[in-house]
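Enquirer: Sequence plus predicted model, see below.
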Amino acid sequence: MPALVYYSSASGNTARFVAQLGLEALRIPISPAAPMPEPAQPYVLVCPSYADGQGRGAVAKQVIRFLNDAPRRALLRGVIASGNRNFGHLFACAGGVIAAKCNIPVLYRFELAGTETDIARVRAGLATFLGTQCLTP
Amino acid sequence: MKDHAAGCAIRKAINWNRMQDDKDLEVWNRLTVNFWLPEKVPLSNDVQSWATLRPEERELTIRVFTGLTLLDTVQNTVGAPSMLPDATTPHEEAVLTNIAFMEAVHARSYSSIFSTLCLTKEVDEAFRWSEENPHLQAKARLICEEYKAGADPLKRKIASVFLESFLFYSGFYLPMYWSSRAKLTNTADLIRLIIRDEAVHGYYIGYKYQRGLETQPEARRQELKDFAFALMFDLYDIEQRYTAELYDGLGLTEDVKAFLHYNANKALQNLGYEALFPPAACEVNPAILAALSPDSENHDFFSGSGSSYVIGKAVATEDEDWDF
């Protein structure tokens, strides 16, 4: 069963990052009309940031819709957020917003579609993190 | 006959309530909310700091800023307008006119810095330098070649993304360097606003490039990818000469080059391509990264190396809570 859920807009950066991880993952659809994935086990969310200069609108609407469902939210264990350092202190700020809202840690931040280094760190980190999670009832 | 028909073509009014591509509205909203003018930044607070720079450091700074002004001018008057006929939606045209105008604001900002900090004579000398510097002129020429009428619309977008997401960074390095040493910090605040805008521009034009690429047959897609990497090589070759000429005096050339590699990879990612430079070549000085995005050190919860990870208090979530 996939332990990753992700959102990627039409620019495809996050989708390319997840594809590079090579792990099974559920995708939150871009279209509000499409059905939401229903994870059956604990998962980590990978999601981009879309904040304006004041930090508003950081979390994509479809991600908000996904997390507004209590059973889905209850299985969220951590968030990996992406963004662009060009946004200064708001870099990858969707991660902080979701962490504060859902009481889970920001596990990692990366830019655009990530680098080789990011992929290696996240792959290794997830293996340990999710392994630990599975032992916790 | 044909001319007559074209003259009578129905003119269409733009309807923002009927979107063909939601990304147009998303980016329009982002750009308009982020709108700013240089008057918003208290540049005069940098007058004392400017006086602490050595003459050669001042000359370098003015030259770097005229180089950036030149690129902004090109993007304002040639680059963004040249993409208007290629737009696939009326909203894309509107976004491009916003991008064009914002480039004019950026170009104008450097003159605000000059009039606040510098002597007219120094500035005039630097503008003359920008017209005569072979490397600066060479990169502008390479880009403008792709902006010509009749050039390939997708190659035009490649050139434009490289200007927005790569060519500016040999210049942006310097105000980030000064800022990391607590110098010209207000000027750095203004440059950060420009850096933020250029990220959205590169992202959007790169996104439209990827949409255009989807409609092309495989052979053509390969041709465009080869073109993109070849153009990046050519531009990088010029950039490293330009960088050496500017920064050798301060011994910063290698440090700037790591920043160039890092941004070249990001420019390629905006086009949907993989990185060109290996991770070891992209290890940007942490002080420069911190100047770029304060409070966002390389965050890695997994390895325990990040000290700034966020964990919040649990709060019951309701729909309106998410309206942030």
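Expert: Great, that's in hand.
Enquirer: so where do the helices sit in the chain?
Expert: No chain specified, so I'll use chain A. With DSSP state H as the criterion, chain A has helices at A:13-21, A:61-67, A:70-74, A:94-102, A:116-135.
Enquirer: if you could check chain B rather than the one you did, that'd help
Expert: Secondary structure of chain B (DSSP H): helices at B:2-7, B:22-33, B:47-51, B:55-74, B:80-82, B:90-117, B:120-132, B:134-147, B:153-162, B:169-180, B:185-214, B:218-247, B:253-270, B:286-292.
Enquirer: Quick one: the ones you listed as JSON lines, columns for mean pLDDT too.
Expert: Shown next, in JSON lines, are those (pLDDT from 0 to 100):
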{"stretch": "helix B:2-7", "mean pLDDT": "51"}
{"stretch": "helix B:22-33", "mean pLDDT": "95"}
{"stretch": "helix B:47-51", "mean pLDDT": "98"}
{"stretch": "helix B:55-74", "mean pLDDT": "98"}
{"stretch": "helix B:80-82", "mean pLDDT": "97"}
{"stretch": "helix B:90-117", "mean pLDDT": "98"}
{"stretch": "helix B:120-132", "mean pLDDT": "97"}
{"stretch": "helix B:134-147", "mean pLDDT": "97"}
{"stretch": "helix B:153-162", "mean pLDDT": "98"}
{"stretch": "helix B:169-180", "mean pLDDT": "98"}
{"stretch": "helix B:185-214", "mean pLDDT": "97"}
{"stretch": "helix B:218-247", "mean pLDDT": "98"}
{"stretch": "helix B:253-270", "mean pLDDT": "98"}
{"stretch": "helix B:286-292", "mean pLDDT": "95"}
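Enquirer: mind putting those helices in a markdown table, mean neighbour count and distance to chain A included?
Expert: Quick note: C-beta positions are derived from backbone N, CA and C, even for glycine. Shown next, in a markdown table, are the helices of chain B (neighbours: other C-beta atoms under 10 Å in any protein chain shown; distance: least, C-beta to the nearest C-beta, whole Å):
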| stretch | mean neighbour count | distance to chain A |
| --- | --- | --- |
| helix B:2-7 | 7 | 33 |
| helix B:22-33 | 17 | 4 |
| helix B:47-51 | 13 | 20 |
| helix B:55-74 | 20 | 15 |
| helix B:80-82 | 21 | 18 |
| helix B:90-117 | 20 | 13 |
| helix B:120-132 | 14 | 24 |
| helix B:134-147 | 18 | 20 |
| helix B:153-162 | 24 | 12 |
| helix B:169-180 | 24 | 9 |
| helix B:185-214 | 22 | 3 |
| helix B:218-247 | 17 | 15 |
| helix B:253-270 | 23 | 4 |
| helix B:286-292 | 18 | 5 |
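Enquirer: which one of the ones you listed lies closest to residue A:57?
Expert: Closest approach to residue A:57 among those (C-beta to C-beta): helix B:22-33, 8.0 Å.
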